[in-house]
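Asker: Model the following, please.
(chains A, B, C and D)
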2 protein chains.
Amino acid sequence: MGATSRVTLADVARAAGVDVSLVSRVLRGHDVKVLDETRQRIVDQARELGYRPNAIARSLRSSKAGAFGLVIPNFSNPVYAQIIAGAESAAARNGSVMMTTSGEGWDRAEWYAALDSGRVDGLLVAGGSPVELRNLRVPYLLVNRSEPGIDRFVVLDDEKAAGEAVRHLLELGHRDLAFVGGPEDADTARRRWAGFEAAVAAQPGATAVQLPGDYTAAGGRAAVADAVRRGLRVTGVVAGNLPSGIGVLEGLRDVGVPVPHEASVVAIHDAEIAEYVLPRLTTVRMPLRELGARGIELLTTLAPDEPVAEVVADPIGLVLRDSTGPVA
Amino acid sequence: MGATSRVTLADVARAAGVDVSLVSRVLRGHDVKVLDETRQRIVDQARELGYRPNAIARSLRSSKAGAFGLVIPNFSNPVYAQIIAGAESAAARNGSVMMTTSGEGWDRAEWYAALDSGRVDGLLVAGGSPVELRNLRVPYLLVNRSEPGIDRFVVLDDEKAAGEAVRHLLELGHRDLAFVGGPEDADTARRRWAGFEAAVAAQPGATAVQLPGDYTAAGGRAAVADAVRRGLRVTGVVAGNLPSGIGVLEGLRDVGVPVPHEASVVAIHDAEIAEYVLPRLTTVRMPLRELGARGIELLTTLAPDEPVAEVVADPIGLVLRDSTGPVA
DNA sequence: CTGAAAGCGCTTACAG
DNA sequence: CTGAAAGCGCTTACAG
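Answerer: Below you'll find the model as predicted:
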């Protein structure tokens, strides 16, 4: 482990017989004009001693953390995994590490204070309470959500995605369509409903109804099962997200409606789990990686208080599996 | 955003008409004996100015990062979500933030250097190449794996878990048992096989066979399907992990063996996805949260180079669902 | 009870 | 081409 007293710039300088400032310049690979021999001595000694720059000291001096934070509500949603992957790649290109956290076990306020303390150059916020954001010093950006009164966010083109789902169902001949929504405070669900409704309205004779959901499998299951039991006529269902879609599959089974023979189901968002359910779930793939990457790019290029309201629209596309088919 | 020039201790000190050192002591809530009136003035001014301590400066001064890192191979495996959750809670209790990262997009060596630079007080390593670990300055601990030549790790009681799975199948009357293994380099798979074999051996007349897997659904599917096609007689299958188990379900369907009527399947590890497949998958729940939490505890209590080889054994337990039943 | 000083490990003008 | 100085924002002995 060799956690024995870290080697500092001063150690290298002493060993090489030069000043620390010269070591710093040489090792950082700056504009330095040094004798080849001196440079060699410095580089050799640095390697010999196993010198590693101290990021903390560098940060303090330069007021640059070399790190970005990503706040998510929890790690068990595959949607976040994709956002994280995109953000990590973009951060790497920037030479910054990505540090993702969900603040489980912390008091919200304390936790935000701990994050907002110079440790990161910017914060991507994909979850957590928006109230605390206002007081943040560090530049932040909402990803995959917008919030009234917050003028910095990147979202996906939820309307387009819902529209794709509807058009797929319409092409298969479905006319009685239902949308399983999300929780009250999810702006994504509102936009998806808007896209759903608009796409249905474009088809004469087609009807749109919204079923109350909460973005969970249990919610989706109950929503469709209840609706069918109450006599709702529906052959095409668009689920607001993946868990809902899986729930819808179960709900339809509960009430004896075979999928895709008597009803088709499409969910917004794609992830591996869609392959594992039965029938394999048709989805609309969303550019989540691209969203995460774009978030980091904006954080690195925008002024800290520059407003931004961006929509990442591509690539969005239907992933055809077994839960959709022609109308019976 | 107010990203305008951060407020420092010096600003508060000036406003309160005292020295920075006093402000530091008061705000840190140390042993300080101060006039109530002075303390009040300091506290008021700090709030008034919106002072937030700079974690970087504090770190540099105290050589304590107040953060722990967790390295995982990727975020899309639900097993890691549970480890992360446990680690975050434990870190919070310690007043430290947890920063999780997978290094996607980085060159391994560069990335380890970026992590090993004073940013964290310790590193929990649940993935990534072990070779780089040797050169690390920061104290680290392997979680959920062991590695030859590395004497710091916490693992789960994989043998016990496999044993539980086997005993469940034996109780149901199954005697021809198969284990779907993991990749060559997964020590967890070796331990699970050992536990499987020992438990089967304890039952006279029972037979154990190992099928080659790779911890993926595709691997599990191919393994059982091939085995059955080749004429292997098996009614009880233990899958080395969750994806394998889901694959086994599909493989059995491929070759027309109904589950649980003609074969039972149990997977090691439990997560929400087990509820979503058909039939719902019986699993052995592993203490992953506890593992993550224990990792952080050890990192905070152990000397940096103190060896540790710990097994987190509880709670391990069967989660009975629909993929197991009495022998036909 | 409070202040002045030193120093954590760097980087960046500024001299020479 | 190289060195000496200042300073990033803190904390912690040490004085008084």
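Asker: What parts of the stretch 151-300 of chain A come near chain B?
Answerer: A:Ala217, A:Ile246, A:Ala271, A:Glu272, A:Ile273, A:Glu275, A:Tyr276, A:Val277, A:Leu278 (C-beta under 8 Å from any C-beta of the partner chain). For the C-beta atoms, the positions are set from N, CA and C on the backbone; glycine is no exception.
Asker: Could you turn the buried ones of these into a ChimeraX selection?
Answerer: Here is the ChimeraX command that selects only those of those that count as buried (16 or more other C-beta atoms under 10 Å in any protein chain shown):
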select /A:217,246,271,273,275,276,277,278
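Asker: Which of the residues of the stretch 151-300 of chain A next to chain B fall in helices?
Answerer: Mapping these onto helices (DSSP state H) picks out A:Ala217, A:Ile246, A:Ile273, A:Glu275, A:Tyr276.
Asker: between those residues, which is closest to DNA strand D?
Answerer: When these are compared for distance to DNA strand D (C-beta to the nearest atom of the strand), A:Ile273 wins out at 45.1 Å.
Asker: is it true that the closest one touches B:Glu272?
Answerer: No: under the criterion of C-beta atoms under 8 Å, A:Ile273 makes no contact with B:Glu272, lying 9.3 Å away.
Asker: residues shared between the contacts of those two?
Answerer: Counting by C-beta atoms under 8 Å, 6 or more residues apart in numbering or on different chains, A:Ile273 and B:Glu272 have no common neighbour.
Asker: SS state for the one residue sitting closest to the centre of chain A?
Answerer: Closest residue to the average C-alpha location of chain A: A:Ile83 at 3.0 Å, with C-alpha atoms, centre = their mean. Classification of A:Ile83 by DSSP: H, G, I helix; E, B strand; the rest coil places it in helix.
Asker: Verify the stated contact: it with A:Arg294.
Answerer: No: using C-beta under 8 Å as the test, A:Ile83 is too far from A:Arg294 to be in contact (10.2 Å).
Asker: And the residue of chain A that's closest to DNA strand D?
Answerer: Proximity of chain A to DNA strand D (C-beta to the nearest atom of the strand) peaks at A:Lys33, 2.7 Å away.
Asker: Now name the helix or strand holding that residue.
Answerer: According to DSSP states H and E, A:Lys33 maps onto no helix or strand at all.
Asker: ok, so what distance separates it from A:Ala15?
Answerer: 22 Å (C-beta to C-beta, to the nearest Å).
Asker: What of A:Gly220?
Answerer: 65 Å.
Asker: Equivalent analysis for A:Asp314, please.
Answerer: Relative to A:Ala15, and taking C-beta to C-beta, A:Asp314 is found at 54 Å.
Asker: the more surrounded of those two?
Answerer: Shown here are A:Asp314 and A:Ala15; by other C-beta atoms under 10 Å in any protein chain shown, A:Ala15 has more neighbours (18 against 10).
Asker: How about stretch A:69-76 and chain B, touching?
Answerer: Yes: shown here: stretch A:69-76 in contact with chain B (C-beta under 8 Å from any C-beta) through A:Gly69, A:Asn74, A:Phe75, A:Ser76.
Asker: export the residues you listed to JSON lines and tack on secondary structure?
Answerer: As requested, the residues of stretch A:69-76 next to chain B are exported to JSON lines (three-state DSSP):
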{"residue": "A:Gly69", "secondary structure": "strand"}
{"residue": "A:Asn74", "secondary structure": "coil"}
{"residue": "A:Phe75", "secondary structure": "coil"}
{"residue": "A:Ser76", "secondary structure": "coil"}
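Asker: what's the closest of the residues you listed to DNA strand C?
Answerer: A:Gly69 (21.6 Å).
Asker: Show me which residues of chain A are close to DNA strand C?
Answerer: A:6, A:8-10, A:20-21, A:24-25, A:27-28, A:30, A:51-54, A:57-58, A:60-62 (C-beta under 7 Å from any atom of the strand).
Asker: Out of the residues you listed, which end up buried?
Answerer: Counted by 16+ other C-beta under 10 Å, those give A:Thr8, A:Leu9, A:Ser24, A:Arg25, A:Leu27, A:Tyr51, A:Arg52, A:Pro53, A:Asn54, A:Ala57, A:Arg58, A:Leu60 as buried.
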